[in-house]
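Peer 1: need a structure here:
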Amino acid sequence: MNEQNRPADETGQNTGRYPTQGLPPQQPYGAPSPHVPPHQGWTGQPQPAVPSYATAGPGLPPVFVPPQPARRTGRWRIGVAGLVAGALIGGGAGAGVVSLVGSDSSATTPAASAQSVVITDPQDATSATAAAAKAAPSVVTIYVSGSSESGSGSGVVLTKDGYVLTNNHVVTLDSSTSTATVQVRTADGTLYDASVVGTDPSSDLAVVKLSDASGLTPATFADSDDVQVGDLAVAIGAPLGLSNTVTDGIISATDRAVATGSDTEQTVIDALQTDAAINPGNSGGALVDAAGEVVGINTAIASVAAASVPGQEAGQSGNIGVGFAIPSNTAKRVAEEIVENGSASHALLGVSAQTASGDSQVGEGAQVSQVQSGGPAAAAGLQAGDVITAVGDRAITTSTELTAAVRSSSPGEKVTLTVRRGDSTSTVDVTLGTATS
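Peer 2: Numbers count the residues shown, from 1 in each chain. Have a look, this model is predicted:
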């Protein structure tokens, strides 16, 4: 199914095949090794050197790949021990164990103990050094184990008494939250038992609470609306279980619409893109600015297939400098709602849409296929067949971009849509409704 045929739900969430991806849903394969979570990968027809997206937490979702003019049959695979978040949205990794490219075997290394980031030469310290020194005490490593699998990811401290923000995919272990055991190691090496306060699959966020914790160092959250392309970006987390790992780069793009998950259950995020190295295990960790303030929660990475021989399985690369983080404004709002209510709300537009592409494969907007009766869009006069080409001053070329734009807004917020109806174009003000997760 091409992107233009992919439906979306009332919030703009696509429910069909991810646009421009062109591959059917992929299925996990491989058997788990002792003490190592199951390898996961996807079968299909990947094209070498074409980005795919994966989350960084327990259990990689299906990987989506933009369509290419020519394809050859092959197989991509990646095995990561621990929680893996990733794809078109995030990075997260297993605790100290990773199986790489084209092999069913796993290489095991002991999980690293926590180490503090200390400035030993202040006169020569870089901006990244200073940012890491401030933010690292607020980043933790999260270990999750279920009846048949386990993994690890990262988290960000919200309060002194132990509320921690992380990714939903880090704590759910394939939705087995009720039976999963959660432990959290803080930057000073202290290990705490923890429980899941609430999850929000729509935004891939979750909050856990440490038992009997006090005196933790809460992170400072910056205004992600002020983030600019080219700003310093420092990622802190536990890639491959290596706690307090720091990498740096820049903000590569803002308002990047990315999606992870299956055809029937997808997460669409209005992400910050960065070239700071993000790998499995970084999921749920902090992306901070030069001041050491959190601008995003690391969530997914794009990856490409390694070179392969026709007819043989192809390996999948790790970090390629294309990572994604949930903006801090969204992350903070969702986290506060989860702490207060156990769940979070999201903005609702009230339409189903598909990508409008005319006679080409290039998106030209989000075409409304259905308007929810009594919903915000209906109240504003939108009709089936209308093509939404902008939300505010943000151009919309696909239904996924519409979903991301709506998701980044707050319930009750008024937005201005640019709508093409027939040969005429006009603007329509819509007050977004509320959709609960």
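Peer 1: how does the protein divide up, domain by domain?
Peer 2: Listed by automatic domain parsing, the domain ranges of the chain are 31-343, 345-436.
Peer 1: Of the ones you listed, which shows the lowest average pLDDT?
Peer 2: The weakest mean pLDDT among the domains of the chain belongs to domain 31-343, with a mean of 73.
Peer 1: Which other helices and strands does the longest helix seen in the chain contact?
Peer 2: Longest helix of the chain, by residue count under DSSP state H: helix 328-341. Under the contact criterion of 3 or more CB pairs under 8 Å, 6 or more residues apart in numbering; DSSP states H and E, helix 328-341 touches strand 163-166, strand 191-200, strand 205-210, strand 294-303. Just so you know, the C-beta spots here come from the backbone N, C-alpha and C atoms, and that holds for glycine as well.
Peer 1: between these, which gets nearest to residue 147?
Peer 2: strand 191-200 (16.0 Å; CB to CB).
Peer 1: contact partners of the closest one?
Peer 2: Strand 191-200 is contacted from outside by 142, 162-164, 168, 171-172, 177, 180, 182-186, 205-213, 334, 338-339, 341-344, 437, using CB atoms under 8 Å, 6 or more residues apart in numbering.
Peer 1: again with stretch 156-163
Peer 2: By CB under 8 Å, 6+ apart, stretch 156-163 touches 138-140, 164-166, 186, 192, 194, 197, 207-211, 213-219, 284-286, 294, 297, 335, 339.
Peer 1: Extract the C-alpha trace of stretch 187-205 and format it as CSV.
Peer 2: Output of stretch 187-205 as CSV, limited to C-alpha atoms (Å, rounded to 0.1, in the frame of the first residue of the first chain):
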residue,chain,number,x,y,z
ALA,A,187,24.5,8.2,38.6
ASP,A,188,26.2,7.6,42.0
GLY,A,189,25.8,3.8,41.6
THR,A,190,22.9,3.3,44.1
LEU,A,191,20.5,0.6,42.9
TYR,A,192,16.8,1.1,43.7
ASP,A,193,13.7,-1.1,43.2
ALA,A,194,11.1,0.8,41.2
SER,A,195,7.5,0.5,40.0
VAL,A,196,5.7,1.8,36.9
VAL,A,197,3.5,4.8,37.7
GLY,A,198,1.9,5.0,34.3
THR,A,199,2.7,4.7,30.6
ASP,A,200,1.6,6.6,27.5
PRO,A,201,2.2,4.5,24.3
SER,A,202,1.0,7.4,22.1
SER,A,203,4.1,9.5,23.0
ASP,A,204,6.3,6.5,23.9
LEU,A,205,6.8,7.9,27.5
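Peer 1: Return the set of buried residues in stretch 372-389.
Peer 2: 372, 375-377, 380, 382, 386-389 (16 or more other CB atoms under 10 Å).
Peer 1: nearest to residue 425, of these?
Peer 2: Closest to residue 425, out of all of the buried residues of stretch 372-389 and judged by CB to CB, is residue 389, at 7.4 Å.
Peer 1: Bridged to the residue lying closest to that closest one once chain neighbours are set aside, which residues?
Peer 2: Sequence neighbours aside, residue 365 is the residue nearest to residue 389 in space, at 4.2 Å (criterion: CB to CB, 6 or more residues apart in numbering). Here residue 365 shows beta-bridge partners residue 356, assigned using DSSP bridges.
Peer 1: how near is residue 365 to residue 396?
Peer 2: When distance is defined by CB to CB, to the nearest Å, residue 365 is 6 Å away from residue 396.
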